[in-house]
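no sequence on this one, just coordinates:
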């Protein structure tokens, strides 16, 4: 086996993986092994590698979770899926809260402009 090898894995029956919390794409499960004989880690990754907006390089193309940070790499499939799902749910919750705050602010601005 060559160094730095990624292998796509099959998602286990009954496992659920949340959609990508950044772009909404369907994620995949991958195994990463630095070199033969070393333990392999597992990670869930976004499938969207299409250029987003002003991105202009191979390392800077697609969804930020297309090649997620080391924090997403886990020892087991179960741990990798759990981490991804918890991250996805937390990010979506934060987005909803922030959008709600922004919408309230915009509504208040509109009301002030209409009334004054």
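Nice, thanks for sending it over. Model, not experiment: these values are computed from the prediction. Numbers count the residues shown, from 1 in each chain.

From what I see, residue 85 and residue 19 are in contact.
No - counting by Cβ atoms under 8 Å, residue 85 does not reach residue 19; the two are 10.3 Å apart. To be clear about C-beta, it is placed using only N, CA and C from the backbone, and glycine gets the same treatment.

neighbour-wise, which of the two wins?
Neighbours per residue, other Cβ atoms under 10 Å: of residue 85 and residue 19, the larger number sits with residue 85, 17 against 13.

can you pull the contacts of the more buried one?
Counting by Cβ atoms under 8 Å, 6 or more residues apart in numbering, residue 85 touches 16, 17, 18.

filter the residues you listed to the buried ones?
Among these, the ones that count as buried by 16 or more other Cβ atoms under 10 Å are 17, 18.

host element of residue 42?
Secondary structure assignment for residue 42, by DSSP states H and E: strand 41-46.

Show me what that strand is packed against.
Here strand 41-46 touches strand 27-33, helix 77-115, going by 3 or more Cβ pairs under 8 Å, 6 or more residues apart in numbering; DSSP states H and E.

any residues touching that strand, and which ones?
Strand 41-46 is contacted by residues 9, 17, 20, 22-23, 25, 27-33, 62-63, 65-68, 72-77, 79-81, 83-84 when judged by Cβ under 8 Å, 6+ apart.

at 7 Å what do you get?
For strand 41-46, contacts defined as Cβ atoms under 7 Å, 6 or more residues apart in numbering pick out 9, 17, 20, 22-23, 25, 27-32, 63, 65-68, 72-77, 80-81, 84.

quick one on the thing from earlier: in TSV, list the contacts of residue 85 along with pLDDT, secondary structure and distance to residue 112.
Listed next are these as TSV, based on pLDDT from 0 to 100; DSSP: H, G, I helix; E, B strand; the rest coil; distance: Cβ to Cβ, whole Å:
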residue	pLDDT	secondary structure	distance to residue 112
16	97	coil	45
17	98	coil	44
18	98	coil	39
